[in-house]
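>>> Sequence unavailable; structure follows:
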């Protein structure tokens, strides 16, 4: 498999936070984990998406105080997509670093990690809109690029995940 190099992207309306995706397989120190996301696979060729205000994306969210990364992932998957997960596998992280302090990054640490997992859906429960999530869908993996709210920035990560075979289940 070829080595993937990911270019930095910048988050916030003022681009105050530099973000770089890194392919990893070991958890970073828990206190540096700020959020967790998951490619939740339903069957061999389908994926679960949720829709907050910013648009369609993979389920995930911020880690609460005292929560492990896996606990965060399970909680967020249930809150955002009404799913339970099994066979969790860490596949990468977004390394975040403040370029400067602003109102857009004030509530986040100067440096942190947002983890990316792949997992199988153990249970697809009835979905009811709640909190910030208005919808959930299960789509063919091949259609993910047609839905993701920020596909321009997400495409290099999606290409890596696809090429590495993380979204193929036998």
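On my side now, so go ahead. Note that the coordinates shown come from a computational prediction; the quantities given were computed from them, not determined experimentally.
>>> Report the beta-bridge partners for residue 93.
Note on residue 93: beta-bridge partners residue 22, residue 115, judged by DSSP bridges.
>>> How many residues are close by it?
Around residue 93 there are 26 other residues, counting by other CB atoms under 10 Å. The way it works is simple: take the backbone N, C-alpha and C, and place the C-beta from them, glycine included.
>>> That one reaches residue 113, doesn't it?
Yes: distance between residue 93 and residue 113: 4.5 Å, which falls inside the contact criterion (CB atoms under 8 Å).
>>> anything in contact with each of the two?
Overlap between the neighbourhoods of residue 93 and residue 113 consists of residue 28, taking contacts as CB atoms under 8 Å, 6 or more residues apart in numbering.
>>> which non-adjacent residue is nearest the most centrally placed residue in the chain?
Within the chain, the residue whose C-alpha comes closest to the C-alpha centroid is residue 37; the distance, by CA atoms, centre = their mean, is 2.6 Å. Excluding the flanking residues, the one nearest residue 37 by CB to CB, 6 or more residues apart in numbering is residue 60, at 3.0 Å.
>>> ok, the one you found - contacts?
If you count contacts by CB under 8 Å, 6+ apart, then residue 60 has 35-38, 73, 76-77, 80, 114 around it.
>>> Sort out for me which of those are in strands.
35-38, 114 (DSSP state E).
>>> What are the boundaries of the strands in the protein?
In the chain, the segments counted as strands under DSSP E are 9-11, 17-22, 33-42, 46-51, 60-62, 83-98, 111-124, 135-140.
>>> Let me have those in a markdown table, adding mean pLDDT as columns.
As requested, the strands of the chain are exported to a markdown table (pLDDT from 0 to 100):
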| stretch | mean pLDDT |
| --- | --- |
| strand 9-11 | 91 |
| strand 17-22 | 95 |
| strand 33-42 | 97 |
| strand 46-51 | 97 |
| strand 60-62 | 95 |
| strand 83-98 | 96 |
| strand 111-124 | 97 |
| strand 135-140 | 97 |
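>>> Good, wrapping up.
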